[in-house]
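# Sharing a sequence plus its predicted fold:
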Amino acid sequence: MSGIKTLGQFIIEKQADFSYAKGELSRLLRDIGIAAKIVNREVNKAGLVDILGDAGTTNIQGEGQKKLDVFANEQFIAALTSGGECCIVATEEEDDFVPIDSPVSKNAKYIVCVDPLDGSSNIDVNVAVGTIFSIYRRKSTEGLASLSDVLQKGTEQVAAGYIIYGSSTMLVYTTGKGVNGFTLDPSIGEFCLSHPELKIPEDGTIYSINEGNYVHFPEGVKKYLKYAQVEDKSTNRPYTSRYIGSMVADIHRNLIKGGIFIYPTTAASPSGKLRLLYECNPMAFIVEQAGGIASDGRNRILAIEPTTLHQRTSLFIGSPKMVRMAEQLMAEHSPVTALEAKPQEA
Ligand code: AHM
Ligand code: MG
């Protein structure tokens, strides 16, 4: 076993760094790791069993859910319920937050927000999908935890991570002291430390955006795309365009190679498509911890005060030099509109 460090070993080694509730947070991360392995097993079998296709239900955003979304959602709620460290789970797939009111859990110290299976439209075509999670400390000290315990700014996260179910399965997480990545070794069924102290390159040459929405992009984003496509050897332009359509996979690649991922406002999604609590805050925490930047094009994602559970935002995230350039062009060409300034609910 020499040379291999499992996720479990790593969490226990690092728990001395946690400023608060050491054992509980370690157990919570362990529970998430277990649910991830179960979801991974099912994602890998997706082509073999009759699990593909719509489950026939629709989530609060009116989007069709895939069966694996439903399965992943149930697995994460079940793991967090039986673990006893979490008093509320808020998931992208449920209209309302899920209070865990078992005798052990109702006084538990943590809130978990999770997107159980992000990019699920990619499942049918065997393309990488992911899970995204975010952990907050419960703020209220009396009674049952409530919505205000969930609606915390991203700066309040105590941990965040993602799992990418790709050509290999990886779990990447931060507790605010850097970012570490673990690859699942299927032969021993353990996540093993493979990417210690992940750092995003200061600059990159990859831009990731759904360019099909071009006509509806803010002028600042259009200008950035022009900038990305112009030839200039001194800044390695033109850049390379890469868009998978699974934000976990797109951001994971850019984290390792250097790049920018943008999901701006569009006509169909005037406040952006991606959800602040389940997608943007956790990815922003990770990318910042790796030395990158995450903003809504103007302001830091982690500083946004959430007002609703399924709130959306635009997202500009990645290598600091690239995000700063995109923000500069947004500032020059896209003044804030009244519509953008108003948070969209779902
Ligand atoms: P989902 O949570 O319903 O899967 O939607 C989120 C996904 C992201 O993973 C991805 O970046 C984005 O939606 C792709 O959207 P689009 O198809 O509009 O480019
Ligand atoms: Mg999602």
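Ah, there it is. Residues are numbered from 1 along each chain as shown. Ligands and ions are numbered 1, 2, ... in the order given.

# packing partners for the helix or strand containing residue 191?
Residue 191 is part of strand 190-195, with elements assigned from DSSP states H and E. Counting contacts by 3 or more Cβ pairs under 8 Å, 6 or more residues apart in numbering; DSSP states H and E, strand 190-195 packs against helix 7-14, helix 22-44, strand 169-174, strand 179-185. The way it works is simple: take the backbone N, C-alpha and C, and place the C-beta from them, glycine included.

# same thing but 7 Å
Contacts defined by 3 or more Cβ pairs under 7 Å, 6 or more residues apart in numbering; DSSP states H and E place strand 190-195 against helix 7-14, strand 179-185.

# By mean pLDDT, show me the worst of these.
Per-segment mean pLDDT for the helices and strands packed on strand 190-195 reaches its minimum on helix 7-14, at a mean of 91.

# Reformat the helices and strands packed on strand 190-195 into CSV and put distance to ligand 2 and mean neighbour count next to each item.
Below are these laid out as CSV (distance: least, Cβ to the ion, whole Å; neighbours: other Cβ atoms under 10 Å):
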stretch, distance to ligand 2, mean neighbour count
helix 7-14, 23, 16
strand 179-185, 20, 22
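
# sorry, back to before: next, the angle strand 169-174 makes with the strand holding residue 191.
Interaxial angle, strand 190-195 versus strand 169-174 (axes from the mean of the first three to the mean of the last three Cα atoms, to 10 degrees): 60 degrees.

# Now tell me what touches strand 190-195 from outside.
Residues from elsewhere that reach strand 190-195, judged by Cβ atoms under 7 Å, 6 or more residues apart in numbering: 4-7, 10, 33, 171, 180-185.

# Specify the angle between that strand and helix 22-44 in degrees.
Here strand 190-195 points in a direction 100 degrees away from that of helix 22-44 (the same axes, to 10 degrees).

# if you average pLDDT over strand 190-195, what comes out?
The average pLDDT for strand 190-195 rounds to 97.

# does the next helix or strand along the chain from it come close to ligand 1?
Later in the chain than strand 190-195, the nearest helix or strand by DSSP H and E is strand 206-208. No. Judged by Cβ under 6 Å from any ligand atom, strand 206-208 and ligand 1 are separated, with a smallest distance of 8.3 Å.

# swap in stretch 227-244?
No. Judged by Cβ under 6 Å from any ligand atom, stretch 227-244 makes no contact with ligand 1; its nearest approach is 7.2 Å.

# Name the residues of that stretch that are buried.
227, 228, 239, 242, 243, 244 (16 or more other Cβ atoms under 10 Å).

# For the last one, grab phi and psi.
Pointing back at residue 244 there. For residue 244, the backbone dihedrals are phi -90, psi -40 (criterion: degrees, to the nearest 10).

# Show me what from the chain comes close to ligand 2.
Counting by Cβ under 5 Å from the ion, the residues of the chain close to ligand 2 are 115, 118.

# For the chain, which residue gets nearest to ligand 2?
In the chain, the residue that lies nearest ligand 2 is residue 118 (3.6 Å; Cβ to the ion).

# Isn't that residue up against residue 130?
Yes. Assessed by Cβ atoms under 7 Å, residue 118 is found in contact with residue 130 at 4.8 Å.

# For these two, indicate the residue with more neighbours.
A count of neighbours by other Cβ atoms under 10 Å puts residue 130 above the other of residue 118 and residue 130, at 31 against 26.

# Name all residues that make contact with the more buried one.
118, 119, 162, 163, 164, 165, 246, 248, 249.

# Pairing partners for residue 115 in the sheet, please.
residue 132 (DSSP bridges).

# again, but for residue 169
Beta-bridge partners of residue 169, counted by DSSP bridges, are residue 165.

# Count the residues that sit near it.
Neighbour count of residue 169, defined by other Cβ under 10 Å: 23.

# Quick check: pLDDT value at it.
97.

# That one touches residue 40, doesn't it?
Yes. With contact defined as Cβ under 7 Å, residue 169 and residue 40 form a contacting pair (4.8 Å).

# what touches both of those two?
Common neighbours of residue 169 and residue 40 (criterion: Cβ under 7 Å, 6+ apart): residue 184.

# Show residues contacting stretch 164-172.
Residues from elsewhere that reach stretch 164-172 (Cβ under 7 Å, 6+ apart): 7, 33, 36, 40, 43, 128-130, 161-163, 179, 181-184, 191, 198, 248-249, 252, 286.

# Would you tell me what the next helix or strand after the strand or helix carrying residue 79 is?
Here residue 79, judged by DSSP H and E, is contained in helix 67-83. Next along the chain after helix 67-83, taking DSSP H and E as the criterion, comes strand 86-91.

# Can you name the next helix or strand after that following strand?
Sequence-wise, the next helix or strand downstream of strand 86-91 (DSSP H and E) is strand 98-99.

# helices or strands up against that following strand?
Right, strand 98-99 is packed against strand 86-91 by 3+ Cβ pairs under 7 Å, 6+ apart.
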